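Peer 1: Sequence first, predicted coordinates after that:
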Amino acid sequence: MALMNINGQPVAAASGATMEVRNPATGEVVDSVPKADAEDTRKAIAAAAAAFPAWSGMPAHKRASILNKCAAHVRDHLEEVAKLLTAEQGKPIRDSHIEVDRFAAAIEQYAGLVAGGALHGEQMSLPQYKAMGLVVRRPMGVVGAIIPWNFPLTLFSSKMAPALAVGNTVVAKPASTTPLATLRLAELMTEAGLPAGVLNVVTGPGNVVGEELIRNPVVRKIGFTGETVTGKHVMAAAADEIKRVTLELGGSDPAIICDDADVELAAKSIAIGRFFNAGQACLAVKRVYVMESVADEFIEKITGRAQRLKVGNGSDTASQMGPMHTAGGREGIEAQLKDAVDRGGKVLAGGKRPEGDGFDKGFYFEPTVVVNVPDEARVWKEETFGPLLPIMVVKDLNEALQKANSSEYGLGSSIFTRDFAKAQRAIDELDAGYTWVNSIQVAYDELPFGGAKHSGYGKEHGSEVMDYYLEEKSVILAGV
Ligand code: NDP
């Protein structure tokens, strides 16, 4: 059994309760983890609070040096952690390699920023008061990081790395279905010299462990990624303590393909954008609006790409798309597709569970392309969290922008065009936290990332994220 990491120690739940972690490709049990309760969570919070004075009081370059050792030790174990991630999450092994690498890179990024002096404040002269003003930036204390299952490691590091680098301590709660790689990473960071209590990982149900993190007054900040409905609950519950929250929530990202687009580039980018991680990405392209003159060419190219994708067990290096993560997730996609087809939609690729050896026990679903789907269908309104791509033909950019903005979500968005004026309109008018022009929808660590509307509140990534883990204080030095 994998154990929790509380105060630098491997710890079981006080009750002895455990939870099984299963492989989505085979249904087999990979391992089990402690099923913590609120009291276990309070022990982790207490450990983080006890570690805070020494960690926050350490010179930034020393914290950075410890964090860089953690990243190097993680890289030395990249293959081992990647295998664990594929076994519990289902994604292809080469994508797991990328994810572990990005985990280490995020730690290095924020270690580098704070070592380079990024934690400075501001000073201003106030001669009218015979005084000097300072704005100092201070770490908040204990941070709770609540993480989903689709990118368990990058979404862990996007909270933990900036929070620790600026001097906070962290209690992390991974999704119940993907705790294993996270626990191993915390163990590796302890081995590399991270002081006890600075990073704690507690495994257990969201409505118990997550709830304690949100409501416990010692936790000053919650970094949360997950569904919009859970995020709304987190925001409401955190209000009792006026607790700071960053919420990275669901999305229904539109892609617009203009009549002057490089159609080959659009098809290639959108195939990756939609089917990467079996479509289970917040930033996946979830709706396509293509203009009439290039619609046939685009639809033919994207259909071909969907049909050629090799679906299989993520541990097989030939697999390009693994199973979906849960049975419920697959049923959700099947229901959304049925609704689209019932309303007149035509399936051009996929549309069903693959058959044959190796597919019988996993939650596989074929990469699916559907056209002729009317506006009222669920796929245009809801988040489609799986390998299902609806395409709508539109007459011009006005119609495309209007439909793109008709969603309650506002996470990512993209446009394919050779005309800068059209790109400029998309940049100005698309109501989203990110707009890609002629590019694959991937979040860059260097730029701030976060959603508009129901897709979130606050930012991750970029140097800006550090401000979300710091409090500003104004100081007056009065003259005599
Ligand atoms: P959930 O909201 O179901 O779960 C996310 C995390 O919250 C899990 O750790 C879960 O624990 C925990 N949780 C559940 N209930 C509570 C509660 N009452 N209090 C505190 N924590 C709780 O999301 P999914 O795991 O299904 O993740 C998929 C979603 O995440 C999609 O909507 C996707 O778009 C979004 N997402 C957004 C991103 C962004 O940056 N905007 C990036 C990636 C994903 P447990 O597992 O134990 O239930």
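Peer 2: Done, it's in. Residues are numbered from 1 along each chain as shown.
Peer 1: send the alpha carbons of the lengthiest helix in the chain over as PDB?
Peer 2: The longest helix of the chain (DSSP state H) is helix 93-115. The C-alpha coordinates for helix 93-115 follow below in PDB (Å, rounded to 0.1, in the frame of the first residue of the first chain):
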ATOM      1  CA  ILE A  93       3.300   6.400 -21.500                       C
ATOM      2  CA  ARG A  94       5.000   9.100 -23.600                       C
ATOM      3  CA  ASP A  95       2.400  11.600 -22.400                       C
ATOM      4  CA  SER A  96       3.200  10.600 -18.800                       C
ATOM      5  CA  HIS A  97       6.900  11.200 -19.500                       C
ATOM      6  CA  ILE A  98       6.000  14.800 -20.600                       C
ATOM      7  CA  GLU A  99       3.900  15.300 -17.600                       C
ATOM      8  CA  VAL A 100       6.600  14.200 -15.100                       C
ATOM      9  CA  ASP A 101       9.100  16.400 -16.900                       C
ATOM     10  CA  ARG A 102       6.700  19.400 -16.700                       C
ATOM     11  CA  PHE A 103       6.200  18.700 -13.000                       C
ATOM     12  CA  ALA A 104      10.000  19.100 -12.500                       C
ATOM     13  CA  ALA A 105      10.200  22.100 -14.900                       C
ATOM     14  CA  ALA A 106       7.500  24.000 -12.900                       C
ATOM     15  CA  ILE A 107       9.500  23.500  -9.700                       C
ATOM     16  CA  GLU A 108      12.700  24.800 -11.500                       C
ATOM     17  CA  GLN A 109      10.800  27.700 -13.000                       C
ATOM     18  CA  TYR A 110       9.600  29.100  -9.600                       C
ATOM     19  CA  ALA A 111      12.800  28.200  -7.800                       C
ATOM     20  CA  GLY A 112      14.600  30.200 -10.500                       C
ATOM     21  CA  LEU A 113      12.300  33.200 -10.200                       C
ATOM     22  CA  VAL A 114      12.600  33.500  -6.400                       C
ATOM     23  CA  ALA A 115      16.300  32.900  -6.500                       C
END
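Peer 1: Give me the sheet partners of the next helix-or-strand element following it and which way each runs.
Peer 2: Going down the chain from helix 93-115, the next helix or strand is strand 122-126, by DSSP states H and E. Counting by DSSP bridges, the strands paired with strand 122-126 are strand 131-139 (antiparallel).
Peer 1: Just checking the distance from the partner strand to the centre of its chain.
Peer 2: 33 Å (CA atoms, centre = their mean, to the nearest Å).
Peer 1: Can you point out the helix or strand that includes the residue minimising distance to the centre of the chain?
Peer 2: Centroid-nearest residue in the chain: L155, 4.4 Å away (criterion: CA atoms, centre = their mean). Per DSSP H and E, L155 falls inside helix 154-165.
Peer 1: That helix relative to helix 93-115, how many degrees between them?
Peer 2: 20 degrees (axes from the mean of the first three to the mean of the last three CA atoms, to 10 degrees).
Peer 1: pLDDT of helix 154-165, averaged?
Peer 2: If you average the pLDDT over helix 154-165, you get 98.
Peer 1: mean confidence score for stretch 402-418?
Peer 2: 98.
Peer 1: right, is that stretch up against the ligand?
Peer 2: Yes: using CB under 6 Å from any ligand atom, stretch 402-418 comes into contact with the ligand via L411. Heads up, the C-betas are built off the backbone N, CA and C, glycines and all.
Peer 1: What ranges does the stretch 301-450 of the chain have for its strands?
Peer 2: With DSSP state E, counting those that start in this stretch, the ranges of strands along the stretch 301-450 of the chain come out as 346-349, 368-371, 388-394, 409-410, 414-416, 436-437.
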